[in-house]
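>>> Quick check, what structure comes out for this input:
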Amino acid sequence: MLKKAWAGSRLVVLHLEYWIVGLGEEWFQVSRGDLLFELERYREAAGAYSRALQESRSSMIQVRLGWCYLKMNMPNSAVEHLTTIRSQSRHPEVGMALLHALIQAGKMPEAARLHGELGKTIPESSTDMRAELSELGAMLKEATARSL
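Below is the predicted model of the structure:
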C-alpha cells in the first residue's frame, strides 16, 4: 500500500517536472510507464511505452511493453511482439521476457528450445538471471510432465 502511494506521488512529481522543466519525451514516457507498471496500471503503462517507442526503438522499452502484454493476460501478443524484438536483439533480458511469454502462452516446445539457448548464453556471473532461468526450467518440466 505504501509502495503504491509512493509510486503515485512520484508520478505526480514526474508530470510536474515534464511540464515545468521540460523533460524529453522519451525519458518522460519511459519513466511514466515504469511508474504506471509499478501501480499495476498495465494498459496505461503500455500506452506510455508505445509513445516512448515513437522516439526510440530501444529493445529495453520493447521488453517493457512485452511485460505489459503479459500482465494484461495477452500472452500471444507478448510472444508476437517479443519474437520480433528477439530477431533484432540477443540481449538476455529480451530472451527471458520471451521465455516467460512462451510459457504463459503454452508454447512449451518453443519455450524449451529458448530455455536451452539461454542456458548456453547467459553468463554464470548473472546469478539472478540464472536463478530465474532455473525456476522457468522447473516450470517447463512440470508442464511437459502434465502433458504426457
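>>> Below-threshold pLDDT in this protein: ranges please.
1-8, 10-23, 148 (pLDDT under 70).
>>> Report the residue ranges of every domain in it.
Per the record, the chain has its domains at 1-56, 60-148, by automatic domain parsing.
>>> Identify the residues contacting the nearest residue to residue 88 once chain neighbours are set aside.
Of all residues not flanking residue 88 in the chain, residue 59 sits nearest, at 6.7 Å (Cβ to Cβ, 6 or more residues apart in numbering). Using the backbone N, CA and C atoms, a C-beta is placed for each residue, glycine as well. By Cβ atoms under 8 Å, 6 or more residues apart in numbering, the contact list for residue 59 reads 85, 88, 89, 91, 94.
>>> Check residue 99 too.
Here residue 99 is in contact with 111, 114, 115, 118, 133, 136 (Cβ under 8 Å, 6+ apart).
>>> how about a cut-off of 7 Å?
111, 114, 115, 118, 136 (Cβ atoms under 7 Å, 6 or more residues apart in numbering).
>>> now residue 55
25, 26.
>>> again with residue 43
residue 72.
>>> immediately after the helix or strand where it lies, which helix or strand?
Using DSSP states H and E, residue 43 maps to helix 42-52. Downstream of helix 42-52, the next assigned helix or strand under DSSP H and E is helix 59-71.
>>> Dump stretch 121-138 to CSV, keeping only the CA atoms.
Only the C-alpha atoms of stretch 121-138 are listed here, as CSV (Å, rounded to 0.1, in the frame of the first residue of the first chain):
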residue,chain,number,x,y,z
THR,A,121,24.4,-17.7,-23.4
ILE,A,122,23.6,-16.2,-20.0
PRO,A,123,26.9,-15.7,-18.2
GLU,A,124,27.4,-17.6,-14.9
SER,A,125,28.1,-14.2,-13.2
SER,A,126,24.4,-13.2,-13.9
THR,A,127,23.2,-15.1,-10.8
ASP,A,128,19.7,-13.5,-10.6
MET,A,129,19.0,-14.3,-14.2
ARG,A,130,20.4,-17.8,-13.8
ALA,A,131,18.2,-18.4,-10.8
GLU,A,132,15.2,-17.2,-12.8
LEU,A,133,16.1,-19.4,-15.7
SER,A,134,16.3,-22.4,-13.3
GLU,A,135,12.8,-21.6,-12.0
LEU,A,136,11.5,-21.4,-15.5
GLY,A,137,13.2,-24.7,-16.4
ALA,A,138,11.3,-26.3,-13.5
